[in-house]
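[1] build the 3D model from these lines:
(2 chains)
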Amino acid sequence: MSRILQVRDLSKRFGKVVTAEDVTFSVAQGTALGIVGPNGAGKSTLLSLITGVLKSDAGSIEFNGRDVTGLSAAERTKAGIARTFQIPRPFIDMTVFENVYVGATFGGGQHGQQGYDAAARALDVTGLSHVAERPAGQLRLLDRKRLELARALATNPSLILLDEIAGGLTEKELPPLVELIRGLRDSGVTVVWIEHIVHALTAVVDELMCLAFGRVLAIGEPREVMRSPEVIEVYLGSTFDMGEAV
Amino acid sequence: MEWLNAILQGTLLGGLYALLAAGLSLMFGVMRIVNLAHGVLAVLAAYLGVILTTAFHIPAFATLVIVVPLMFGVGWLIQMGLLNLSIVRGGLAPILVTFGLAVVLTNLLQEVFTADFRSIQAGSIATDSIQINDQISIGVFPLLTFVVGVLVIIALQVFLSRTRSGRAMRASSDDKDAAQLMGIDNRRIYALATGIAIATVGLAGVFLGIRTQFSPTYGDVTLIFAFEAVIIGGLGSLWGTLLGGVVLGIAQAVGAQVNPAYGVLFGHLVFLAILAFRPTGLLPKAVNA
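    Below is the predicted model:
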């Protein structure tokens, strides 16, 4: 299987705070990688480094066989990398449709009718069609999370980075979202997914990576990663509910 | 009737202020940059008008065909060459850069054109008027300025709400990181915004130069009036800027009616009153969530 994303020795520090240190991992085309780790482990920072919103101090990022380390965030988006934010950041002064349409026209490079169709599809897939004309600032949390996903999908990504997209959702709201992400992965989009709700994560992902203090503690088959002593130690007593998910 | 006349003339004057302020409002709305070089850029455009009308004998209004695109290019270059570099340093940096630019441009204009007062000769249209009755007459040129001011505001509004680049500007204005992740190149969008803003200043500068006599330092007072129009109307709102320009114009005209020396003072007082009692302006940008 070809590796769509190859991260090598990626490092980033803010003053004395190390948020990424020699992070090396790769993701196979069309698979899903889950990322877990305690708060402050550098999970969200890692996504910002991969999307290019933050510049790394050292290391390289290869995407689709091409070194994208020197590319701007906008260029990486056009190349096919998309992300969602943990705390949704819709363009609040724009309608839901416009939010998604911007992604389709700029990131997806689809203009006119094509752009409309792509935006409409993204809204349809995420179940937002009925609120398309509403200002995005008026959406409730679940719909804001969906809009994050819809906007990212509209850019027509081959790699999508999800930052705690299930956080704050009820147990009832969770399964449809998990199904949606599984469907994405099955359609060929590579998924990198940060989540604290581990059973949601392990229901979908093919591999799991645990980060702590900006370093990769373990990566591999999800159950083995969760059983490894280093991972158990950083979570210090908190037991994982692997339960029915595996 | 005198008062009615003052309000009418003030409204028309407000059209010029709105025209001058539109670009300032756009730049603040999209990038949160307060462009302190705004006034002197209007004066620069007015001097371009003087050169084109005197040295090349181009009719005053025809100079717009050259001045406006030229000023668009000036704006584009200022953003790409200066402001995009300073904007990443946040807050005060771009303001200081525009302040420095204003000082440099003002002195360059002094050097080239001396401190003499000049104006753009537009012929009889500058003085023609429409007689309504014994006491009220409307100047053709102020009326034209007002109409152009309103049209520019409408055009900018349509551009922002309907076009691809306009949406990108709104997106960048809302959240520039999220905008990048939609594939928007903020630097280019900013350059386009500043280009458009300075193009409208070019338009305003030529109208200013036809209406009044100016010298290189005239940019200071121009900036203040434009700034007051933006604040009175509400930051980030183009309709607010139009309203703010009109309110400022009326305040000045009514003040001048009370005592010819009070015109500008009344404008400043209204501005202070707005700052004290309604600091968000008359038509603040709607804030959701």
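[2] residues contacting A:G59?
    Neighbour list for A:G59: A:7-11, A:20, A:22-23, A:69 [criterion: CB atoms under 8 Å, 6 or more residues apart in numbering or on different chains]. For glycine as for every other residue, the C-beta is placed from the backbone atoms N, C-alpha and C.
[3] tell me which two in these are the farthest apart.
    Among the contacts of A:G59, the pair separated by the greatest distance (CB to CB) is A:D22 and A:T69, at 14.9 Å.
[4] higher neighbour count, those two?
    Using other CB atoms under 10 Å in any protein chain shown, the more surrounded residue of A:D22 and A:T69 is A:T69, with 18 against 13.
[5] count of neighbours near the residue in the stretch 1-150 of chain B that chain A sits nearest to?
    Of all residues in the stretch 1-150 of chain B, B:G29 sits closest to chain A, at 10.3 Å by CB to the nearest CB. The number of residues packed near B:G29 is 23, by other CB under 10 Å.
[6] residues near the closest residue to it other than its chain neighbours, how many?
    Nearest residue to B:G29 in three dimensions, chain neighbours excluded: B:G236, at 4.2 Å (CB to CB, 6 or more residues apart in numbering or on different chains). Residues near B:G236, counting by other CB under 10 Å, number 23.
[7] what about B:G236, is that helix, strand or coil?
    Following DSSP: H, G, I helix; E, B strand; the rest coil, B:G236 is assigned to coil.
[8] who touches it in this structure?
    By CB under 8 Å, 6+ apart, the neighbours of B:G236 are B:25, B:28-29, B:173, B:284-285.
[9] which residues of chain A fall in helices?
    Taking DSSP state H, the helices of chain A run over residues A:43-51, A:73-79, A:96-102, A:112-125, A:141-154, A:174-186, A:198-202, A:222-227, A:229-235.
[10] to chain B, which of those helices lies closest?
    Closest of those to chain B is helix A:73-79, at 3.8 Å (criterion: CB to the nearest CB).
[11] so which bits of that closest one are buried?
    Neighbour counts over helix A:73-79 (16 or more other CB atoms under 10 Å in any protein chain shown) mark A:73-74, A:76-79 as buried.
[12] quick one: stretch A:84-92 near chain B?
    Yes. Stretch A:84-92 comes into contact with chain B (CB under 8 Å from any CB of the partner chain), by way of A:85, A:89-92.
[13] now that stretch - C-alpha only, PDB.
    Output of stretch A:84-92 as PDB, limited to C-alpha atoms (Å, rounded to 0.1, in the frame of the first residue of the first chain):
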ATOM      1  CA  THR A  84     -11.700  20.300  10.900                       C
ATOM      2  CA  PHE A  85     -11.200  22.300  14.100                       C
ATOM      3  CA  GLN A  86     -11.900  20.900  17.600                       C
ATOM      4  CA  ILE A  87     -13.900  24.100  18.400                       C
ATOM      5  CA  PRO A  88     -15.800  24.800  15.200                       C
ATOM      6  CA  ARG A  89     -14.700  27.900  13.400                       C
ATOM      7  CA  PRO A  90     -17.400  28.600  10.800                       C
ATOM      8  CA  PHE A  91     -17.400  31.900   9.000                       C
ATOM      9  CA  ILE A  92     -20.200  33.300  11.100                       C
END
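[14] still on that earlier bit, can you verify the residue of the stretch 1-150 of chain B closest to chain A is assigned to a strand?
    No. Under the criterion used here (three-state DSSP), B:G29 is helix, not part of a strand.
[15] quick one: contacts for it?
    Residues near B:G29 by CB under 8 Å, 6+ apart: B:173, B:235-238, B:285.
[16] what do you get if the cut-off is 10 Å, keeping everything else the same?
    Residues in contact with B:G29 (CB atoms under 10 Å, 6 or more residues apart in numbering or on different chains) are B:156, B:160, B:169-170, B:173, B:193, B:197, B:230, B:235-238, B:241, B:285.
[17] next one: B:G23
    Neighbours of B:G23 in contact, by CB under 10 Å, 6+ apart: B:35, B:38, B:41-42, B:71, B:75, B:152, B:156, B:193-204, B:226, B:230, B:241.
[18] that one: which element?
    Element membership of B:G23 [criterion: DSSP states H and E] is helix B:2-31.
[19] for that helix, what is the average pLDDT?
    Helix B:2-31 comes out with an average pLDDT of 94.
[20] how much distance is there from that helix to the middle of the chain?
    8 Å (CA atoms, centre = their mean, to the nearest Å).
[21] how about that helix: buried residues?
    So helix B:2-31, judged by 16+ other CB under 10 Å, has buried residues B:5-31.
[22] what does stretch B:276-286 rub up against?
    A:92-93, A:135, A:137, B:29, B:173, B:230-244, B:247, B:274-275, B:287.
[23] tally of neighbours for the nearest residue to B:W239 once chain neighbours are set aside?
    Nearest residue to B:W239 in three dimensions, chain neighbours excluded: B:L283, at 5.6 Å (CB to CB, 6+ apart). Neighbour count of B:L283, defined by other CB under 10 Å: 18.
[24] then B:A37?
    Neighbour count for B:A37, taken as other CB under 10 Å: 24.
[25] for it, give me its contacts.
    By CB under 10 Å, 6+ apart, B:A37 lies in contact with B:44, B:78, B:82, B:97-106, B:198, B:201, B:219, B:223.
[26] and the pLDDT at the residue of the stretch 101-250 of chain B found nearest chain A?
    Chain A sits closest to B:G183 of the stretch 101-250 of chain B, with a gap of 3.0 Å, by CB to the nearest CB. According to the prediction, B:G183 has pLDDT 95.
[27] wait, it touches A:K78, no?
    Yes. With contact defined as CB atoms under 10 Å, B:G183 counts as touching A:K78 (5.0 Å).
[28] joint contacts of those two?
    With CB under 10 Å, 6+ apart as the test, B:G183 and A:K78 both reach A:106-109, A:155-156.
[29] and the residues you listed as CSV, adding distance to chain B and pLDDT?
    Below are the shared contacts of B:G183 and A:K78 laid out as CSV (distance: CB to the nearest CB, whole Å; pLDDT from 0 to 100):
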residue, distance to chain B, pLDDT
A:F106, 4, 95
A:G107, 3, 93
A:G108, 7, 91
A:G109, 8, 90
A:T155, 6, 95
A:N156, 10, 95
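[30] can you redo those as CSV with neighbour count?
    As requested, the shared contacts of B:G183 and A:K78 are arranged in CSV below (neighbours: other CB atoms under 10 Å in any protein chain shown):
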residue, neighbour count
A:F106, 29
A:G107, 29
A:G108, 27
A:G109, 14
A:T155, 28
A:N156, 21
